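S.K.: Structure for this input, please:
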Amino acid sequence: MTSYLSPDGGMGTKQSHHSVQIHKLPKLQNSLRLPTSFDPFLLFRFDFYYFVSISVVFAEQHAQLAAMERTPPTPRDPNQTEEALEALVRADPTIPYRKCLWPVFDFLYTQKLQRVLGIDPRTILAAYGGLGALLLGLPKQPKLLRSGLFAAGLLPLLGTATLVGLGARMVCTKRKPALRTSQDTLLERIREGRAKREPGFDVYYPASGRSSSNRVGMIFFPGALVNHTGYSEIAAGLSDKGILVVVLSLEPVRFVLDLETNRQLARAAIASLLPDWPMDEWVLAGHSAGGITALNTGVEIDDHPLDPAFCNRLVVCGVGMETNHGSLRTTQKPFEVLLVNGTEDGLVNRHIPGSEAHDRFVNYLLPPPEDEHSELGSTRFVSIEGGNHCQFADYPLSPPDGEAKVSSHDQKRIFVDKTAEFLLG
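M.R.: Reported below is the predicted structural model:
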């Protein structure tokens, strides 16, 4: 059953028509039924086809769900009740376990296997092809050798399935709800006409109706698994400075690795604001995994342009790792980056200064420090004394983050002030 806003402003339910259907799999089992006599190669082939078939089913369903499941827009009908508006803002939707499987598999495949380890998928296919040919070519005896080769091929598949299952369970159960203070901030802004909840994002409007001399818009990517309502305080603060802020929701999974999907979400948000809100300049920003998304999108900006008004400026916070996408020092137009971190950020502090991961982040991914006046771009480093990871947003503290030694409000205020100074001068 799925909740929805009825035309009269009430809440109703309707039967979902897009639940994952895998009823065809028993037919697949029957078509690949094992013979009475045990043959390791046939079992290996069955396991491989079954795994691929499940992956295809989830891939198709993931694409459909991404198009079907959208955050309902802010109620526009004055007859809609205050209760409906509160329910819309305070909702913290859950996600079924089955919907997390494909995104996690895609993450392991594209991020860990291809990008970090540098393994070409064709190498894997060639290895399994060679293993299959070897099993076919071996005589029935000795069985020990055939069984050993069979196990060598089966174990990586079982290991992958286990990792995907554990990762999906984490994505399903470790979601970070927005605290009530951030919900109250968004509700207040919506009532004042200063914010709106649209399908796929929230938008926060500048106080004067639009920024004055240089109209700046920001696309903000939230951290992994974080309810995007949690960023309402910094978004509201930036809008008070004259910046139009769009906070993407990334529902229902709250974790989108694919950069092309993120670019499409950003472009759709920008297009939906036209022609009422044309911007002179668009910038990308993000927190934690969202900050990494902003940086990686910048790395690929020459090959995959975002918007004509995008000006190669990035604002990121809670980030301290390099992700093997490339470097911002090699783009045709130099980048200007603002990096804001807290001294008690337990996630960023895991990357010790002087380590290889930290050096690649600072000296390869990011442009040189701004005091070097380099032609390769510039990075402005800001450290918030006593700040931690989660206080850039409003969600419960979670390990391995550190205990903050500054109030949440003060940490957000410093971030807003430094960002406005960086973007508006």
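S.K.: hey, let's count contacts and neighbours off CA atoms from now on
M.R.: Noted.
S.K.: what about the longest helix in this structure?
M.R.: helix 143-173 (DSSP state H).
S.K.: how far does that helix sit from the chain's center?
M.R.: The chain centre lies 26 Å from the centre of helix 143-173; the measure is Cα atoms, centre = their mean, to the nearest Å.
S.K.: For that helix, name the packing helices and strands.
M.R.: helix 40-68, helix 98-107, helix 121-137 (3 or more Cα pairs under 8 Å, 6 or more residues apart in numbering; DSSP states H and E).
S.K.: which residues touch the following helix or strand past that helix?
M.R.: Moving toward the C-terminus from helix 143-173, the next helix or strand (DSSP states H and E) is helix 180-191. Outside helix 180-191, the residues within contact range by Cα atoms under 8 Å, 6 or more residues apart in numbering are 85-86, 89-90, 195-196, 204, 229-233, 236, 394.
S.K.: Of the residues you listed - the most surrounded one?
M.R.: Tallying neighbours with other Cα atoms under 10 Å puts Thr229 at the head of the contacts of helix 180-191, with 32 neighbours.
S.K.: contacting residues for the closest residue to Phe201 other than its chain neighbours?
M.R.: Nearest residue to Phe201 in three dimensions, chain neighbours excluded: Leu248, at 4.3 Å (Cα to Cα, 6 or more residues apart in numbering). Leu248 makes contact with 200-202, 219-222, 228, 265-266, according to Cα under 8 Å, 6+ apart.
S.K.: go with 7 Å
M.R.: Leu248 is in contact with 200-202, 220-222, 228, counting by Cα atoms under 7 Å, 6 or more residues apart in numbering.
S.K.: Buried among those? Need that as a selection in ChimeraX.
M.R.: Selecting only the buried entries of the contacts of Leu248 in ChimeraX, with 16 or more other Cα atoms under 10 Å as the criterion:
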select :200,201,202,220,221,222,228
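S.K.: Show only the entries of the contacts of Leu248 found in strands.
M.R.: Cross-referencing those against strands under DSSP state E gives 201-202, 220-221.
S.K.: Farthest pair within the residues you listed?
M.R.: Asp202 and Phe221 (11.3 Å; Cα to Cα).
S.K.: any residues in contact with both of the two?
M.R.: 247-248.
S.K.: which of the ones in strands among the contacts of Leu248 lies closest to Phe105?
M.R.: Of those, the one sitting nearest to Phe105 (Cα to Cα) turns out to be Phe221, at 21.4 Å.
S.K.: which residues sit in contact with the closest residue in space to His389 that isn't next to it in sequence?
M.R.: For His389, ignoring the flanking residues on the chain, the nearest one in space by Cα to Cα, 6+ apart is Asp345 at 4.7 Å. Residues in contact with Asp345 (Cα under 7 Å, 6+ apart) are 387-389, 401-402.
S.K.: contacting residues around Asn214?
M.R.: Per Cα under 7 Å, 6+ apart, neighbours of Asn214: Asp280.
S.K.: and it, that one's in a strand?
M.R.: No: counting by DSSP: H, G, I helix; E, B strand; the rest coil, Asn214 is not found in a strand; it is coil.
S.K.: That one and Pro278, how far apart?
M.R.: Counting by Cα to Cα, to the nearest Å, the gap from Asn214 to Pro278 is 11 Å.
S.K.: swap in Arg175?
M.R.: Distance from Arg175 to Pro278, by Cα to Cα: 34 Å.
S.K.: So between the two, which is more surrounded?
M.R.: Arg175 (19 against 16).
S.K.: Is it correct that the more buried one is in contact with Leu225?
M.R.: Yes: between Arg175 and Leu225 there is a contact under Cα atoms under 7 Å: 4.8 Å.
S.K.: Looks to me like Ser232 is in a helix.
M.R.: Yes: under three-state DSSP, Ser232 sits within a helix.
S.K.: give the contact list for it.
M.R.: Applying Cα under 7 Å, 6+ apart to Ser232 gives the contacts 182, 185-186.
S.K.: Backbone dihedrals for Val226, please?
M.R.: phi -90, psi 130 (degrees, to the nearest 10).
S.K.: So in terms of bridging, what pairs with it?
M.R.: Residues in a beta bridge with Val226, per DSSP bridges, are Lys176.
S.K.: tell me the SS of Val246?
M.R.: In three-state terms, and counting by three-state DSSP, Val246 is strand.
S.K.: try Phe255
M.R.: coil.
S.K.: Grab the nearest non-local neighbour of it.
M.R.: Going by Cα to Cα, 6+ apart, Phe255 has Ala224 as its nearest residue, at 5.1 Å.
S.K.: Domain-wise, how is the protein divided?
M.R.: According to automatic domain parsing, the chain comprises the domains 21-68+95-173, 180-424.
S.K.: start to end distance for the last one?
M.R.: Looking back up the chat, that one is domain 180-424. 30 Å.
S.K.: would you say Ser378 is within a strand?
M.R.: Yes: assigned with three-state DSSP, Ser378 falls within a strand.
S.K.: how many other residues sit next to it?
M.R.: Other residues near Ser378 come to 23 when the count uses other Cα under 10 Å.
S.K.: Make 28 the starting number, not 1.
M.R.: Renumbered: residue one is now 28, and that last one reads Ser405.
S.K.: low-confidence ranges in the stretch 28-177 of the chain?
M.R.: Scanning the stretch 28-177 of the chain for pLDDT under 70 picks out 28-107, 138-149, 152, 155, 158, 160-162, 164-171, 173.
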